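Enquirer: Here you go, sequence then predicted model.
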Amino acid sequence: MSHASRVLKPAVEEVPPDLIALGSAIEGLPLEHRQSLEPIYHRVVESTKRRRRILALVQEALGQLRLDMKYLVFDLEATRRERDEFQRQLKEDVD
């Protein structure tokens, strides 16, 4: 019975090079050590992927928030200009 290594090569862009190197090092270990380290390695890889996905979502949300803030500031400035213009017109009508 052959014991092929179950340490899969994760997608390079999702996992830091250090983790990929660690996976390669685990593949070179004797079977008993490899079997005890593989589950831990997979948890670390999944945790890293999850953190990167969360970071990407947070960055996207911050980008959207910045854009929303720009629109709100623009709208506020336009509203103030309109208010000032109406106040000026009211003063002219009263005079």
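Expert: That came through fine.

Enquirer: what about the longest helix in the chain?
Expert: Across the chain, the longest stretch assigned as helix under DSSP state H is helix 31-94.

Enquirer: so what secondary structure elements neighbour that one?
Expert: If contacts are counted by 3 or more CB pairs under 8 Å, 6 or more residues apart in numbering; DSSP states H and E, helix 31-94 sits against helix 17-27. Using the backbone N, CA and C atoms, a C-beta is placed for each residue, glycine as well.

Enquirer: what is the mean pLDDT for stretch 64-77?
Expert: Stretch 64-77 carries an average pLDDT of 98.

Enquirer: Next, name the residue at the spatial heart of this protein.
Expert: Relative to the mean C-alpha position of the chain, the nearest C-alpha, by CA atoms, centre = their mean, is the one of residue 56, at 1.6 Å.

Enquirer: Tell me who's in contact with that one.
Expert: By CB atoms under 8 Å, 6 or more residues apart in numbering, the contact list for residue 56 is empty.

Enquirer: quick one: it and residue 22, what's the gap?
Expert: According to CB to CB, to the nearest Å, residue 56 stands 23 Å off from residue 22.

Enquirer: any weak-confidence spans in this protein?
Expert: Low-confidence segments of the chain, defined by pLDDT under 70, span residues 1-13.

Enquirer: Could you rerun that using 90?
Expert: With pLDDT under 90 as the threshold, the chain has low-confidence stretches at 1-15, 93-95.

Enquirer: Now find how far off-centre stretch 73-86 is within its chain.
Expert: In terms of CA atoms, centre = their mean, to the nearest Å, the centre of stretch 73-86 is found 36 Å from the chain centre.
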